[in-house]
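**Student:** my questions concern the predicted model and sequence given below.
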Amino acid sequence: DVKVTQSSRYLVKRTGEKVFLECVQDMDHENMFWYRQDPGLGLRLIYFSYDVKMKEKGDIPEGYSVSREKKERFSLILESASTNQTSMYLCASSPPRDRGFWELFFGEGSRLTVL
Amino acid sequence: QQQVKQSPQSLIVQKGGIPIINCAYENTAFDYFPWYQQFPGKGPALLIAIRPDVSEKKEGRFTISFNKSAKQFSLHIMDSQPGDSATYFCAASKDYGGSQGNLIFGKGTKLSVKP
């Protein structure tokens, strides 16, 4: 089975702290994604990466950065956490998009609370 | 143009009923339309997907109907069961070329199937 593992299920941080969310996938997927999930707003794309050391901004990149030093690992970084970043963060990976069936595999999420 | 609009936000049906969730899009470059299912405490998982060259796709009790001219697609769940209670997300994707791709998600529909 494809597995996307997010290092922390629950985190509580204080305003201004630096926060690292780690994600590891075991299927040698090229693409990796970070989404944010909020009630009533659905899933919003923060950043994605289609190769090691490559990254692309999604719809809401402000206040976030990412790192992809190895193919299997994609990290989301909040340089200075703020209360409006309290949310559920979902990591996903996928094989290359092609003309056929294409699927994102999600982790179980990291619920971040910023006090 | 990047949005996918999903309705209703929530839906309650009796066991055996046929819930219908609707989505609409504007960007005619979208060429892949999946539906994801998310149970509480879990990440979303692909349920069923369609490309615009077909008008309907059925997998078990789940059916996608696609209307290309109206730029709308919908999910129907036949003979719904309490175990189908989950949040459902429609999504759309376009071909960026190469292996890249990402999904634009609707805001989700929370479905509750009463026994």
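**Tutor:** Thanks, I have the structure now.

**Student:** make it CA atoms for all contacts and neighbour counts henceforth
**Tutor:** OK.

**Student:** please name the nearest non-neighbouring residue to B:Ile20.
**Tutor:** In this structure, B:Ile20 finds its nearest non-sequential neighbour in B:His76, 4.7 Å apart by CA to CA, 6 or more residues apart in numbering or on different chains.

**Student:** ok, now which ones touch that neighbour?
**Tutor:** If you count contacts by CA atoms under 8 Å, 6 or more residues apart in numbering or on different chains, B:His76 has them with B:18-21, B:62-65.

**Student:** now tabulate these in a markdown table and tack on pLDDT.
**Tutor:** Output for those, formatted as a markdown table (pLDDT from 0 to 100):
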| residue | pLDDT |
| --- | --- |
| B:Ile18 | 97 |
| B:Pro19 | 98 |
| B:Ile20 | 98 |
| B:Ile21 | 98 |
| B:Phe62 | 97 |
| B:Thr63 | 97 |
| B:Ile64 | 95 |
| B:Ser65 | 95 |
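
**Student:** on that earlier part again, just the element for the residue nearest to B:Ile20, please.
**Tutor:** Here B:His76 sits within strand B:72-77, counting by DSSP states H and E.

**Student:** number of nearby residues for the closest residue to chain A within chain B?
**Tutor:** Nearest to chain A, among the residues of chain B, is B:Lys107, at 3.7 Å (CA to the nearest CA). For B:Lys107, the count of nearby residues is 27 (other CA atoms under 10 Å in any protein chain shown).

**Student:** was I right to think it contacts B:Gln6?
**Tutor:** Yes - look at B:Lys107 against B:Gln6 with CA atoms under 8 Å: they come within range, at 6.1 Å.

**Student:** anything in contact with each of the two?
**Tutor:** Taking CA under 8 Å, 6+ apart as the criterion, B:Lys107 and B:Gln6 both touch B:Phe89.

**Student:** what's B:Ala86 in contact with, if anything?
**Tutor:** By CA under 8 Å, 6+ apart, the contact set of B:Ala86 is B:37-40, B:110-112.

**Student:** let's see which of those end up in strands.
**Tutor:** Mapping the contacts of B:Ala86 onto strands (DSSP state E) picks out B:37-38, B:110-112.

**Student:** ok, which of those also contact chain A?
**Tutor:** Filtering these for proximity to chain A (criterion: CA under 8 Å from any CA of the partner chain) leaves nothing.

**Student:** okay, those residues in a markdown table with neighbour count and pLDDT next?
**Tutor:** A markdown table is the format used below for the ones in strands among the contacts of B:Ala86 (neighbours: other CA atoms under 10 Å in any protein chain shown; pLDDT from 0 to 100):
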| residue | neighbour count | pLDDT |
| --- | --- | --- |
| B:Gln37 | 21 | 98 |
| B:Gln38 | 20 | 97 |
| B:Lys110 | 20 | 97 |
| B:Leu111 | 21 | 98 |
| B:Ser112 | 21 | 98 |
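
**Student:** in what helix or strand does residue 21 lie?
**Tutor:** This is for chain A. Using DSSP H and E, A:Leu21 sits within strand A:19-25.

**Student:** to clarify, I was referring to chain B.
**Tutor:** Assigned by DSSP H and E, B:Ile21 belongs to strand B:20-25.

**Student:** that strand pairs with which strands, and in what direction?
**Tutor:** Strand B:20-25 pairs in its sheet with strand B:4-7 (antiparallel), strand B:72-77 (antiparallel), by DSSP bridges.

**Student:** and that strand, how far out from the chain middle?
**Tutor:** Chain-centre distance of strand B:20-25: 7 Å, with CA atoms, centre = their mean, to the nearest Å.

**Student:** give me the contact list for that strand.
**Tutor:** For strand B:20-25, the surrounding residues in contact (CA under 8 Å, 6+ apart) are B:1-8, B:71-77, B:90, B:106, B:109.
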